[in-house]
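> I'll drop the sequence and a predicted model, then ask my questions.
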Amino acid sequence: MFKNYLKIAARNFLKHKAYSFINVAGLALGIVCCILMLLYVQDEVSYDRFHENAGRIYRVIVDETNEGSLRHLANTHAPVAPALRAEFPEISRVVRFFPRSVTVKRDAQKRFQEKRFFFTDSTVFVENLLDFKITGVLKNIPHNSHLDFDFLANINSVNTLMGTWVLQHGWYWPPMYTYVLLPPVYSPLALENRFPELVRKHFPADVASRAALRLQPLTDIHLHSVLENEIAPNSNVAYVYIFSAIAAFILLIACINFMNLATARSAKRAKEVGLRKVIGAQRLQLVMQFLGESLFYTVLALLLALALVELFVPAFNMLLGKQVEMRYADNWSVVLGLLALALLVAILAGSYPAFFLARFRPVHALQGKTLLGRTPLHLRAVLVVVQFVISIGLIVVTAIVNKQLHFIQNKRLGFDKERVVIIPIRDDAVQQNFAAVKNGLLSQTGVTHATAISNFPWEQGYYDFYIRAEGMSPEAKLNMPTLLVDDDFIRAFGMQIVAGRDFSKEHITDAQEAFILNEAAVKKLGWASAVGKKIKMEDVAAGKPREGLVIGVVKNFHLRSLHHEIEPLVLLVAPAPHFLDNLVIRLDSPNISPALAALEQQWREIAPHRPFEYFFLDDAFDQLYRQEQKLAQIFKYFSAIAMLVGCLGLFGLASFIAEQKTKEIGVRKVLGASVSQIVLLLSRDFAKLVGLAFVVAAPAAYFAMTRWLQNFAYRAEIGAGTFLLAGLLVLGLAGFTVSWQAIKAALANPVDSLRYE
């Protein structure tokens, strides 16, 4: 029996090549999307699980309260780890990671700038300012780790490189990432409950009053962590759900296509079903036959999909920055998943056609009278509406994501980020001779401004210093984000002074006494006018306070992504050159390459022992929206696939309706109906389905994208035009798809139509 079913399935496949191709191609595209998403999800959920004790490793994180606002920090202060060891000796292990970009010297000539160099509590490797002994070589860390390093060095070396204040007294700067390994039977909640006492005992009073420690499971970091100052960009579990849902929707569209195409051909299978019933076939046997045919098509689609996956995986990895691959021999979960997927698709796609065809009555079937007149057309209409809903929804989402990205890329940031080159300094000699270096850079052709900045806040936040400002009570103080800059910073960035003046070398006291605030800081302090107000700031340079006057107010500007609101900010001239870690150079040349070549040549003269490395400021800002860019690309490609697969389904339903209305079309043509009237007759039902789908899809997409846009402090408006455009696009594609079949039916000879059946 099985052999007979298989033979009939193969014959039908070869006999109806067009329908067979559409079925297999549609299912294959749906399965490809599913497989790629399964590989993506498998990779995402596997992060950090390769550790032998992954379930017992936790990261220590900091909740920091400042004037009613709460920040959640992934990094901690250096002395936290020794405090944990002292207070909780039962903890199996405490380890810190301190990421730094350093120059590694292999010999007198070969020097490399290594950005993935970590100082840690485990001694392993090398750094050029000190002589290290190589004590071991680690196996490469898997790509699915949130910690990605090339070098490890003893963290005690930081005392020699930066002074003892970092490790022993660095309570006001949290550059470390601290992890604990708990004993096998130990409650992380019980440990967390003891953290407040540790904070009170070890932290300085002013830090303890605003800081709290928590534990974060290692395996939650990649998908469930939305903390500030992450050691590396994380993903988000929401994207796992979104991408999985998209793949499932496309597969659903493909299965709907199969149903519509199978029922469209039902009249051609009626006599076969009737004959089988007459010779004794039971309904269950017929159901199994047609489910078997569905499985036959699905297996062919799966084989085609596997070939397409091998073809698409490199592009998929490039798109998402992944390293996924199909491994059959050592990954049984993939093999079992593929078999389960094939079976699921076969049942989902073939169940309705199987039960529908098995319902044919033998007498009616042999007479050519099927159930077509009493078929549940409403069900097929619902299925097509579902296709349209998914397609319209994906198009709307794609349009809004791209609109937000366009808004981000074109929003005024409060400064000019174009043609700005950043050169990380990382060299004491360059910092100490900064004035001469700056003058040398300004002498280069194409360089209009040269300045420096302590750090960029998208990397590890701002400096945070306490201030006491005029008008505040004597015992009150406010923690204020701060940037340490060169006196030409505001001019080089093209920022706008809205009150007072800029820093100036002509005012000698600016380097020790001047403050410039942004508008948000003035608002935070409640001042109507800030210029001339007194401020005292604590711990600016190794515990030395700064006291002086506000000399100016700069217009608000964004130095973080638009996910964050503009924060109150204080600008200071750096108290010492070693605070200036980044050269900022603005170019004014239509040809950037010669200017960069000149800069590299000068850098080799300034710091021959340091590699020349740089980045453009606008590229750095683009990287802040990497997740959104990936999301936009995924939606764009998958929307196109959904529309392609959906149009195949429309072709199937158009064929079905044209087949039903064959005699009606013939009668109408005999009575004088034109081709356009016939086409309109067959197309208007689809227009109604598109309209109904639009009514369902538009509110759902609006709600979903409103929620997504809430992740941005600054966002584009969702206009009605986006939804109308999506609806018209789907209507146009649907009309184009249906019109081909409608025109074919309208042009048919009415004599042949009237003789049909």
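Happy to help now that I have it. Residues are numbered from 1 along each chain as shown.

> use CA for all of it now, contacts and neighbours both
Will do.

> Does Glu64 touch Arg210 like I think?
Yes: taking CA atoms under 8 Å as the definition, Glu64 is a contact partner of Arg210 at 5.4 Å.

> Quick one: low-confidence residue ranges for the stretch 401-550 of the chain.
459-461, 539-543 (pLDDT under 70).

> which residues in it form strands?
Secondary structure of the stretch 401-550 of the chain, counting by DSSP state E, counting those that start in this stretch: strands at 420-424, 447-453, 463-469, 478-485, 497-500, 514-518, 534-541, 544-554.

> out of those, nearest to Leu617?
strand 420-424 (5.5 Å; CA to CA).

> next one: the closest one to chain centre, how far?
Using CA atoms, centre = their mean, to the nearest Å, the distance from the centre of strand 420-424 to the centre of the chain it belongs to is 26 Å.

> and what of stretch 239-247?
12 Å.

> do stretch 530-538 as well
Per CA atoms, centre = their mean, the centroid offset for stretch 530-538 relative to its chain is 41 Å.

> out of the strands of the stretch 401-550 of the chain, nearest to Tyr172?
Once the strands of the stretch 401-550 of the chain are compared by CA to CA, strand 463-469 is nearest, at 7.5 Å.

> Now do that closest one: which elements does it pack against?
Judged by 3 or more CA pairs under 8 Å, 6 or more residues apart in numbering; DSSP states H and E, the packing partners of strand 463-469 are strand 478-485, strand 534-541.

> Burial-wise, tell me which of the ones you listed comes out on top.
Neighbour counts (mean count of other CA atoms under 10 Å) averaged over each of the helices and strands packed on strand 463-469 peak at strand 478-485, with a mean of 20.

> got the angle for that strand vs strand 463-469?
120 degrees (axes from the mean of the first three to the mean of the last three CA atoms, to 10 degrees).

> coming back round to it: mind putting the strands of the stretch 401-550 of the chain into CSV with distance to Arg684?
Listed next are the strands of the stretch 401-550 of the chain as CSV, based on distance: least, CA to CA, whole Å:
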stretch, distance to Arg684
strand 420-424, 57
strand 447-453, 64
strand 463-469, 64
strand 478-485, 62
strand 497-500, 61
strand 514-518, 60
strand 534-541, 73
strand 544-554, 60
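
> hey, which of these is tucked in deepest?
Buried most deeply of these, by mean count of other CA under 10 Å, is strand 514-518, with a mean of 25.

> so where do the helices sit in the stretch 551-700 of the chain?
592-606, 617-623, 626-660, 662-670, 675-709 (DSSP state H, counting those that start in this stretch).

> Kindly apply the preceding question to the stretch 201-350 of the chain instead.
205-208, 221-224, 237-264, 266-278, 283-320, 332-358.

> JSON lines for the ones you listed, including distance to Gly721, mean neighbour count and mean pLDDT?
Below are these laid out as JSON lines (distance: least, CA to CA, whole Å; neighbours: other CA atoms under 10 Å; pLDDT from 0 to 100):
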{"stretch": "helix 205-208", "distance to Gly721": "51", "mean neighbour count": "14", "mean pLDDT": "82"}
{"stretch": "helix 221-224", "distance to Gly721": "34", "mean neighbour count": "19", "mean pLDDT": "88"}
{"stretch": "helix 237-264", "distance to Gly721": "24", "mean neighbour count": "23", "mean pLDDT": "80"}
{"stretch": "helix 266-278", "distance to Gly721": "41", "mean neighbour count": "18", "mean pLDDT": "60"}
{"stretch": "helix 283-320", "distance to Gly721": "29", "mean neighbour count": "18", "mean pLDDT": "82"}
{"stretch": "helix 332-358", "distance to Gly721": "35", "mean neighbour count": "19", "mean pLDDT": "74"}
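
> Of those helices, which is nearest His72?
helix 221-224 (13.1 Å).

> Which neighbouring elements make contact with that closest one?
Right, helix 221-224 is packed against helix 17-45 by 3+ CA pairs under 8 Å, 6+ apart.

> ok and the helix it packs on relative to helix 237-264, angle-wise?
Using the same axes, to 10 degrees, helix 17-45 lies at 160 degrees relative to helix 237-264.

> same for the following helix or strand past helix 17-45, what does it pack against?
Under the assignment DSSP states H and E, the closest C-terminal helix or strand after helix 17-45 is strand 57-66. Other helices and strands packing on strand 57-66, by 3+ CA pairs under 8 Å, 6+ apart, are strand 69-73, strand 177-181, strand 211-217.

> Pipe those strands into JSON lines and attach mean neighbour count and mean pLDDT per row.
As requested, the helices and strands packed on strand 57-66 are exported to JSON lines (neighbours: other CA atoms under 10 Å; pLDDT from 0 to 100):
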{"stretch": "strand 69-73", "mean neighbour count": "15", "mean pLDDT": "81"}
{"stretch": "strand 177-181", "mean neighbour count": "22", "mean pLDDT": "91"}
{"stretch": "strand 211-217", "mean neighbour count": "19", "mean pLDDT": "92"}
